[in-house]
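>>> everything below, folded, please.
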Amino acid sequence: MSINIEENKSKIIELCKTIKRDGIDSLIEYLETSDYFTCPASARYHGSEPGGLAQHSLNVYDELCRLSKAYPEIEISDVSIIVMSLFHDLCKVNF
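Coordinates of the predicted model:
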């Protein structure tokens, strides 16, 4: 699978801009100046290629959206899905 870094970056920033919380603009700026969009998700496992972290985060987003639709009795906001999926591996940035 070939990772389209620019496409992933655009999608993630678009999703982030739907978050109406203090500090989101600073977080977006941080992401844009870090290696979030180009670094791998792992050294040897899933997403071990350039852009793997952003791709992995989008994959988690897609899966959480799917699960949210499959289990409507579990109420979770769209913003919570975005925050959990896109930022669950922020500790890997600039590592």
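>>> so how many other residues sit close to the nearest residue to N8 once chain neighbours are set aside?
In space, and not counting its chain neighbours, N8 is closest to A54: 4.4 Å by Cβ to Cβ, 6 or more residues apart in numbering. In this view, the C-beta of every residue, glycine as well, is placed from N, C-alpha and C. For A54, the neighbour count with other Cβ atoms under 10 Å is 28.
>>> helix or strand: which one has A54?
According to DSSP states H and E, A54 maps onto helix 52-70.
>>> in that helix, which residues are buried?
52-58, 60-61, 64, 68 (16 or more other Cβ atoms under 10 Å).
>>> export that helix to PDB, keeping only CA atoms.
Provided in PDB are the C-alpha atoms of helix 52-70 (Å, rounded to 0.1, in the frame of the first residue of the first chain):
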ATOM      1  CA  GLY A  52       2.700   5.500   8.700                       C
ATOM      2  CA  LEU A  53       1.700   7.300  11.900                       C
ATOM      3  CA  ALA A  54      -0.800   9.500  10.100                       C
ATOM      4  CA  GLN A  55      -2.100   6.600   8.000                       C
ATOM      5  CA  HIS A  56      -2.500   4.500  11.100                       C
ATOM      6  CA  SER A  57      -4.300   7.300  12.900                       C
ATOM      7  CA  LEU A  58      -6.700   7.600  10.000                       C
ATOM      8  CA  ASN A  59      -7.200   3.900  10.000                       C
ATOM      9  CA  VAL A  60      -8.200   4.000  13.700                       C
ATOM     10  CA  TYR A  61     -10.500   6.900  12.900                       C
ATOM     11  CA  ASP A  62     -12.200   4.900  10.100                       C
ATOM     12  CA  GLU A  63     -12.600   1.900  12.400                       C
ATOM     13  CA  LEU A  64     -14.000   3.900  15.300                       C
ATOM     14  CA  CYS A  65     -16.500   5.500  12.900                       C
ATOM     15  CA  ARG A  66     -17.500   2.000  11.700                       C
ATOM     16  CA  LEU A  67     -17.900   0.700  15.300                       C
ATOM     17  CA  SER A  68     -19.900   3.700  16.300                       C
ATOM     18  CA  LYS A  69     -22.400   3.000  13.500                       C
ATOM     19  CA  ALA A  70     -22.400  -0.700  14.300                       C
END
